[in-house]
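A.B. asks: Compute the structure for the input listed below.
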Amino acid sequence: METNETISVKLPVFEGPLDLLLRLIDINKVSIYDIPIVEITDQYLTYINKMDRIDLNSMSEFLLMAATLLDIKSKMLLPAEKNEEGEEEDPRAELVNQLLEYKLYKRAAEELREREEETGQAFCKKPTIPREVAAYAPEIDTDALLKDVTLSGLYKVFQDITRRSVEKIDPIRSRFGKIEKEEVNLAERIEYVRQYAKERGHFSFRQLLEENCGKTRIIVTFLAILELMKRGELRISQEKTFAEIEIEAA
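C.D. replies: A predicted model of the protein is given here:
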C-alpha cells in the first residue's frame, strides 16, 4: 500500500497509545483487521518523537507500544509461524484484539458521557402544592363501600383464607420442635462410648444411637468410635453391605 510520505499527524492529546493507533488507522483509511504495520509504525514513531517528555508515566506507555510495533514489524518480515492446527499465525492478531476491545470501551464511555450531559440539562421543579391540598384525603363513605357485603360473603372469605393458611403448612416440618444448637464434646463422647462398650460388650451402631441424637451428636459419636478403634479398644464388623454395623469391646 502506497502512502503519502508527507502525512502530518498534528493531534495535541491522546488518551494512550491505543488511542493514537486508532487515530492513525482512521487517517490512513485502512481496515483495523489488516493493519499496514510498516506505515503505521513509522507514523507512530514520528509522533512520539514530537511528544512532550515531561510526563514520564505517559511516555513509558507510548514507548512500550513502540517496542511492540517494532517487534510485530520484524516478525512480518520473517516467514509466518504456524500453530498446532497448521494455520499461519498473524503477528498482528493480539494487537488487533486490543484495539477492538479498546474501541468498544471507548464507545461505551462516550455514550455514558453523552447521557451524563443530557441528564445535566434536565431540571426538576420543586413541589409547590400547598400543605392543605397535599394533606387532603377524601372522606370514605362506609355505607357505599359495604353496600354489597353480606355476612355469608365474609364467612366465605374467612374460609378461603383459613384453607390457604392450612395448605401452606408443611406436614413434615410442622412436626419439628424447636431447633437448638447441640453442644457435643468429643472427649466426653469418647468416654461415654468406652463405658457403653464395657457395660454391654457387644452392640450395634444403631443401638448406640437409640437415644435422642441430633446430627452433630451422631457425627461426634462416629468420630469417637473411630478414635477408640485406633486405640485398639473397639472392633468393628459388618457381615454384608448395608447390614448392621456391629461393635465389640476389645
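A.B. asks: Can you give me the buried ones in stretch 36-52?
C.D. replies: Neighbour-count burial for stretch 36-52 flags 36-37, 39-44, 47 (criterion: 16 or more other C-beta atoms under 10 Å). C-beta coordinates here come from the backbone N, C-alpha and C atoms, glycine included.
A.B. asks: which one's the longest helix in the protein?
C.D. replies: helix 93-120 (DSSP state H).
A.B. asks: helices and strands around that helix, which ones?
C.D. replies: helix 17-28, helix 56-77 (3 or more C-beta pairs under 8 Å, 6 or more residues apart in numbering; DSSP states H and E).
A.B. asks: which of those is buried the deepest?
C.D. replies: helix 17-28 (a mean of 18; mean count of other C-beta atoms under 10 Å).
A.B. asks: What mean pLDDT does it get?
C.D. replies: On average, the pLDDT along helix 17-28 is 87.
A.B. asks: repeat for stretch 220-236
C.D. replies: 81.
A.B. asks: how far does that stretch sit from the chain's center?
C.D. replies: How far stretch 220-236 lies from its chain's middle: 43 Å, per C-alpha atoms, centre = their mean, to the nearest Å.
A.B. asks: What's the local residue count around Arg231?
C.D. replies: Residues lying near Arg231 (other C-beta atoms under 10 Å) number 11.
A.B. asks: quick one: it from Met76, how far?
C.D. replies: 74 Å (C-beta to C-beta, to the nearest Å).
A.B. asks: Kindly report the same for Arg189.
C.D. replies: Taking C-beta to C-beta, one finds Arg189 at 74 Å from Met76.
A.B. asks: Please apply the same query to Val30.
C.D. replies: 15 Å.
A.B. asks: do the same with Leu20
C.D. replies: Distance of Leu20 to Met76, given as C-beta to C-beta: 20 Å.
A.B. asks: Could you do Ser31 as well?
C.D. replies: Using C-beta to C-beta, we find Ser31 at a distance of 16 Å from Met76.
A.B. asks: Look up phi and psi at Ala249.
C.D. replies: For Ala249, the backbone dihedrals (degrees, to the nearest 10) come out as phi -70, psi 130.
A.B. asks: All the strands of this structure, in order from the start?
C.D. replies: 202-204, 234-237, 246-249 (DSSP state E).
A.B. asks: Quick one: mean pLDDT for the last one?
C.D. replies: For strand 246-249, the mean per-residue pLDDT is 83.
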